[in-house]
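> For reference, the sequence and a predicted model appear below.
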Amino acid sequence: MYNGFGGKKEPDETILEAAKRELKEESGIDAQLEHIGTLLFVVGTEAPAFDVHIFSASTYEGTPEETEEMRPQWFSYDDIPYADMWPDDIFWLPDLLAGKCFVGRADFAPPDATQGERSAGKMRRWWFGTLSGSSQ
């Protein structure tokens, strides 16, 4: 499934520092990142929630490269492969691309160990919204 760059914050990092480090580690590029959204993901009833911060960049430096964690690929706005992404992406990615700040929550069914990674992608309930103003 297609997914954005990202990962976990180290204890001595800010969220922005972690985002920049993960971008560099996973793609080989550097960028001025701007916080544009916050998402909360809940999987099942017993697992802790995932607090996800979304950043955007309009330019970057370096040459994108494949790493162990990521094979960077770019798509035009008209050809985004939502069917091959997490099901919540279609609700907030258009806002990110439009430069709108957003928040959201998606609750997913617990993964079915017999069905593999995609079984964790079934959303049970969700909400997403934009904040007044934009990131511009």
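Yep, that arrived.
> Would you mark the buried spots in whichever strand or helix holds Leu93?
Per DSSP states H and E: Leu93 is located in helix 89-97. Within helix 89-97, the residues that count as buried by 16 or more other Cβ atoms under 10 Å are Asp89, Phe91, Trp92, Leu93, Asp95, Leu96. All C-beta spots, glycine's among them, are computed from the backbone N, C-alpha and C.
> again with stretch 38-45
Using 16+ other Cβ under 10 Å as the burial criterion, the residues of stretch 38-45 that qualify are Thr38, Leu39, Phe41, Val42, Val43.
> So what's the model's average confidence on that stretch?
Throughout stretch 38-45, pLDDT has a mean value of 91.
> What lies in contact with it?
Residues outside stretch 38-45 that contact it (Cβ atoms under 8 Å, 6 or more residues apart in numbering): 49-54, 88, 92, 102-111, 120.
> can you check stretch 8-23 too?
Phe5, Gly6, Gly7, Ile29, Asp30, Ala31, Leu33, His35, His53, Phe55.
> Buried among the residues you listed? Need that as a selection in ChimeraX.
A single ChimeraX command selects the buried members of those (16+ other Cβ under 10 Å):
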select :5,6,29,31,33,53,55
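> Tell me where the longest strand sits in this structure.
Secondary structure of the chain read by DSSP state E shows that its longest strand is strand 34-43.
> who does that one pair up with?
Applying DSSP bridges, strand 34-43 is found paired with strand 50-56 (antiparallel), strand 102-108 (parallel).
> how far away is the residue of the chain most remote from its centre from Phe41?
Distance to the chain centre peaks in the chain at Thr114, reaching 25.7 Å (criterion: Cα atoms, centre = their mean). Computed as Cβ to Cβ, to the nearest Å, the Thr114 to Phe41 distance reads 22 Å.
> what's the spacing between Pro11 and Glu17?
Counting by Cβ to Cβ - Pro11 and Glu17 are separated by 11 Å.
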